[in-house]
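K.L.:
Need a 3D model of the sequence below.
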Amino acid sequence: MRPTIAITCQRLEPPRVWKLEPALAVISDYVDAVWRAGGFPVPVLPTGDPDSEAAEVLDHSDGVILIGGFDVDPRRYGREPHEKTMAAPEPQELFELSLLRQALDRAVPTLCICRGLQLLNVALGGTLHQHITGAEHLDPHGIPNGGGGVSNTIIIEAPSLAAEVLGGKAVVGRCHHHQAVDEVAPGLVVTGRTADGTVEVLEAADPKGWLLGVQWHPEETAAADAANQALFEHLVEAARR
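P.N.:
Numbering: from 1, shown residues only. Alright, predicted model coming up:
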């Protein structure tokens, strides 16, 4: 039996996908990577009360992936929005926050990707840099939401879950994000950075379950890159256990 992996997705009003009908959207690379890893991917999204829906999703799931997307509302970490901040719809964010917190409480294996890593940091009390694009002291990290990406080398610290999963001291990841971790939340540790110091990996300081957050997009290169595919394989294996 394939373990069920819940994958967050977005609700889109017409005519974003179809001319007349509303739709849900999840980039198919996420689904493909989970299926290759032996999991059964199931897109999930909010339709009503976020807490009860998140609980029901977890009742039927063995693992969770929080995918990339729009920015976390900066008011959740006590800051006013930057002019470049693109906040996610509130129903989506409330649902994802509840899903994440309940998954952590239940020790459900969880992989947080790009926005997912940022949401993890904010949910546990951390903060974000709202716009790093073009900063003089930083390397290019791409532009989100269709603006294009760049391949960066992420240096992995050992011993760590990230080093165990990725199988080495470095991994090449496809990045397209304009925000990044600022203050790291209590209970989390940084185990991967790019050469300019940008946080690329977060994990639990005192793990009670399988939890990993990556700032890049492993799903984009996983089909041809064993290290990036390994993130999904280890998630699925933890979910199977």
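K.L.:
Stretch 73-93: which residues count as buried?
P.N.:
73-74, 77, 85, 88, 92-93 (16 or more other Cβ atoms under 10 Å). Backbone N, C-alpha and C define where each C-beta goes, glycine included.
K.L.:
what two of those residues are the furthest from one another?
P.N.:
Using Cβ to Cβ, the two most remote members of those are Tyr77 and Gln92, lying 17.5 Å apart.
K.L.:
any chance of the buried residues of stretch 73-93 in CSV, with distance to Ile27 and pLDDT too?
P.N.:
Below are these laid out as CSV (distance: Cβ to Cβ, whole Å; pLDDT from 0 to 100):
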residue, distance to Ile27, pLDDT
Asp73, 22, 97
Pro74, 24, 98
Tyr77, 26, 97
Thr85, 21, 94
Ala88, 15, 92
Gln92, 15, 94
Glu93, 18, 96
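K.L.:
nearest to Ala135, of the residues you listed?
P.N.:
For the buried residues of stretch 73-93, the nearest to Ala135 is Thr85 (15.3 Å; Cβ to Cβ).
K.L.:
Go ahead and report the secondary structure state at that closest one.
P.N.:
On the three-state scheme (DSSP: H, G, I helix; E, B strand; the rest coil), Thr85 is labelled coil.
K.L.:
and it, backbone torsions?
P.N.:
Backbone torsions for Thr85, taken as degrees, to the nearest 10, come to phi -70, psi 130.
K.L.:
May I have the helix or strand hosting Asp29 as PDB, with CA atoms only?
P.N.:
Using DSSP states H and E, Asp29 falls within helix 28-36. The C-alpha coordinates for helix 28-36 follow below in PDB (Å, rounded to 0.1, in the frame of the first residue of the first chain):
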ATOM      1  CA  SER A  28       2.400  18.500 -11.200                       C
ATOM      2  CA  ASP A  29       6.100  18.100 -10.400                       C
ATOM      3  CA  TYR A  30       5.100  17.700  -6.700                       C
ATOM      4  CA  VAL A  31       2.600  14.900  -7.500                       C
ATOM      5  CA  ASP A  32       5.100  13.200  -9.900                       C
ATOM      6  CA  ALA A  33       7.900  13.200  -7.300                       C
ATOM      7  CA  VAL A  34       5.700  11.700  -4.600                       C
ATOM      8  CA  TRP A  35       4.400   9.000  -7.000                       C
ATOM      9  CA  ARG A  36       8.000   8.100  -8.000                       C
END
